[in-house]
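Undergrad: this is a predicted model, with the sequence first.
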Amino acid sequence: MKKILMLGTGGTIASRQTKDGLAPGLTPEDILSYIPAVKNVCEVQTKQVCNLDSTNVTPEHWKMMVKAVEDNYAYYDGFVICHGTDTLAYTAAALSYMIQNSAKPIVVTGAQKPINMDVTDAKTNLLDSFIYAADDDSQGVNLVFDGKVIVGTRAKKEHAKSYNAFSSINFPYLAVIQDGILVRYIPEIPCRHAVKFYYDMKDSVYVLKLIPGMKPDILSYLFEHYDCLVIESFGVGGIPQTLVQEFYQEMEKWSGKGKFVVMTTQVANEGSNMTVYEVGKKVKQDFNMIEAYDMTLEAVITKLMWLMGREEQDMQKAFYTQINHDILFTKRG
Ligand SMILES: NC(=O)C[C@H](N)C(=O)O
């Protein structure tokens, strides 16, 4: 029988009702006691990493999760991390960069309702996670939620309340789990390298969401105080006329000083392609700008943190190098 380590980090799955609202309070052992059927799937041991509402999860907590996996890697066949759903897509993407080439599965999961409630999605999500983690063909960082297996870099929380909280963006579901049976849609490509753990994440990233009529004055502050600026533009990507002059000045001022701008889109599906419209094509050409294409915002942000932590020299090449299926369309633009 496979041996799986379950790591508790908090979230609704571990929450109890308090006078101030739901707050994490259950230990991983408490959580596990609600799914006795797990004994037919795998042998589970538990470890508490932290016990937080995932609103409070930071890159420091990602490092604690990576450390817990690395310290125990040799002793287990796989890992299930219980986590709040609010920042689960960020954690799934961050772990995809911080733990690479893992032939052992690292599953992240959570729930919309606490596991101690009568009506809850937590028991199914957790049991499904163990079913996936205990399967011989599972590997790498993935999210299991509401019967779906989503690649760690492709998850996005699209529903705030429904059990169907997560979607896979611009990439198919890897598998589904129906009535306890795992149905794999996409076979895993066996890992050819040894597992690698990374800890250095630099969080000097800011996301500027464009709104119609935005004033340009914010740009100089952002360029001065952050190493990486992600612009969430409209549609397939462009810079509005009102920002162009200031944007060009700042790009020229900071060129060659290790600052990066990445263009992404507010549209959840299908991604950017700056070469389509005049508002994007010229800026892209003038500054050889990086764009996110089909990546999720969560993957863009965490990949940049990871690349900056490595002090990557050729940022563009490194950004476009595919990790855990995070980017497919770089040849398009
Ligand atoms: N469903 C949840 O887990 C939401 C909770 N606020 C969290 O992210 O920790």
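TA: Perfect, I can see it now.
Undergrad: in its sheet, what does the longest strand along the chain sit against?
TA: Ranked by residue count and defined by DSSP state E, the top strand of the chain is strand 43-52. Strand 43-52 has the following strand partners under DSSP bridges: strand 3-10 (parallel).
Undergrad: tell me how far the following helix or strand past the partner strand lies from the chain's centre.
TA: With elements assigned by DSSP states H and E, the helix or strand that comes after strand 3-10 is strand 15-18. Remark: strand 15-18 is offset 26 Å from the chain centroid, using Cα atoms, centre = their mean, to the nearest Å.
Undergrad: tell me the mean pLDDT for strand 15-18?
TA: Mean pLDDT, strand 15-18: 96.
Undergrad: other SSEs contacting it?
TA: Secondary-structure packing of strand 15-18 (3 or more Cβ pairs under 8 Å, 6 or more residues apart in numbering; DSSP states H and E): strand 21-24. (Glycine included, C-beta is placed from N, CA and C.)
Undergrad: in the strand it packs on, what counts as buried?
TA: 23-24 (16 or more other Cβ atoms under 10 Å).
Undergrad: outside of the following helix or strand past it, which residues touch it?
TA: Scanning forward in sequence from strand 21-24 by DSSP H and E, the next helix or strand is helix 28-32. Here helix 28-32 makes contact (Cβ atoms under 8 Å, 6 or more residues apart in numbering) with 6-8, 13-14, 38, 44, 46-48, 82, 115-116, 122, 126.
Undergrad: ok, now stretch 39-46?
TA: Stretch 39-46 is contacted from outside by 1-8, 27-29, 32, 38, 76-78, 80, 127, 130-131, 133-134, using Cβ under 8 Å, 6+ apart.
Undergrad: quick check: ChimeraX command selecting the buried ones in those residues.
TA: Here is the ChimeraX selection string for the buried members of the contacts of stretch 39-46, based on 16+ other Cβ under 10 Å:
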select :2,4,5,6,7,8,28,32,38,76,77,78,80,127,130,131,133,134
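Undergrad: ok, and for the longest strand of the chain, which residues are buried?
TA: Within strand 43-52, the residues that qualify as buried are 44, 46, 48-52, counting by 16+ other Cβ under 10 Å.
Undergrad: stretch 319-327 too?
TA: In terms of neighbour count (16+ other Cβ under 10 Å), stretch 319-327 has its buried residues at 319-320, 323-327.
Undergrad: which SS state does the most centrally placed residue in the chain fall under?
TA: Among the residues of the chain, the one closest to the centroid is Ala93, at 2.4 Å (Cα atoms, centre = their mean). Of the three states, Ala93 takes helix under DSSP: H, G, I helix; E, B strand; the rest coil.
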